[in-house]
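>>> show me how the following folds:
(one chain, ligands or ions: 3)
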Amino acid sequence: MKLISLVLLALFLSTSSAQSPAAAPAPTPSSPPTDIIRILNKAGGFTTLIRLLKTTQVANQINSQLLTSSGGITFFAPTDNAFSSLKPGFLNSLNDQQKNELVQFHILPTLVSLSNFDTLSNPVRTQAGADPDRLALNVTGSGNQVNMTTGVVNTTVGGTVYTDSQLAVYQVDKVLLPRDFFEAKTPAPAPAPASAKTKASKKKAAEGPASPADDSAAMSVKQMWGAIVGATVVGLWL
Ligand SMILES: *[C@@H]1O[C@H](CO)[C@@H](O)[C@H](O)[C@H]1NC(C)=O
Ligand SMILES: *[C@@H]1O[C@H](CO)[C@@H](O)[C@H](O)[C@H]1NC(C)=O
Ligand SMILES: *[C@@H]1O[C@H](CO)[C@@H](O)[C@H](O)[C@H]1NC(C)=O
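Ligands and ions are numbered 1, 2, ... in the order given. Model (predicted):
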């Protein structure tokens, strides 16, 4: 009798101790959040792009989009060679707003895997805005060959720099220049006061990244619910 209870006790102890690691939910490894600068630094050959991402603050924007966005981000990363084959002084000739537009033009507010470029409809929507002419970016993929054109520049995806479940970074060997930089602005119907024009362009800039962020807010609620339901199920099961 005593032996049986000892055996039962031993069994109980062994099962309960075996269960305890499962009972305590494994702490989520506190991996550092994705940092586009770190990724490009590690890859090497993106010095100019890194500088541009920093001066325009788009690096911070990408990193915070990655924290909140559900759809992910695709980033076309021009190499140092791509920048050095631009007309000398071209980059310096751009004002801050144009530099920002240039970087946003290299970002798609969704994660697209290399084999999925053929599913996009052209022109694809970049974070520079939706103008189907001045900000057109057409991407055609077939197999692992991906061709791109802006109407000013043709290039191909030169390889994958980085990819995870949220972010894909592809190397491009030319800077994707939007037509917007080369076509004269259509004259405004009535001469608008300078302040109104600045306001309009500021508004446009503010609208760009807003929608992916909104989606992501909705998604993180969904994810939170997923976590709560998951935790409840685990709790009930235990
Ligand atoms: C990409 O461009 C090359 C050269 O112009 C062409 O041979 C190839 O068929 C194109 N591929 C796609 C998927 O458009
Ligand atoms: C991009 O594709 C659209 C739709 O096929 C086409 O109308 C447009 O002319 C293309 N633009 C460029 C720059 O190739
Ligand atoms: C880009 O490719 C298209 C179609 O292949 C061609 O018509 C156009 O001239 C090219 N543009 C440049 C800037 O190379």
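
>>> the longest strand anywhere in the chain - contacts with which helices or strands?
Ranked by number of residues, the top strand in the chain under DSSP state E is strand 154-163. On a contact count with 3 or more C-beta pairs under 8 Å, 6 or more residues apart in numbering; DSSP states H and E, strand 154-163 meets helix 36-43, strand 145-149, strand 167-172. For every residue, glycine as well, the C-beta is placed using N, CA and C.

>>> distance to ligand 1 and mean pLDDT added to these, as CSV?
Listed next are those as CSV, based on distance: least, C-beta to the nearest ligand atom, whole Å; pLDDT from 0 to 100:
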stretch, distance to ligand 1, mean pLDDT
helix 36-43, 24, 97
strand 145-149, 4, 95
strand 167-172, 14, 97
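
>>> circling back: which residues touch the longest strand of the chain?
39-40, 43, 76-77, 79, 113-114, 117, 145-149, 168-174, 176 (C-beta atoms under 8 Å, 6 or more residues apart in numbering).

>>> got the buried residues for it?
Under the neighbour-count criterion of 16 or more other C-beta atoms under 10 Å, strand 154-163 has 155-158, 161-162 buried.

>>> cool, and stretch 137-151?
Those would be 137, 139, 141, 146, 148-151, for stretch 137-151 by 16+ other C-beta under 10 Å.

>>> now do stretch 70-86
For stretch 70-86, the neighbour count (16+ other C-beta under 10 Å) marks 70-79, 82-83, 86 as buried.

>>> next step: the residues you listed restricted to strands.
73-78.
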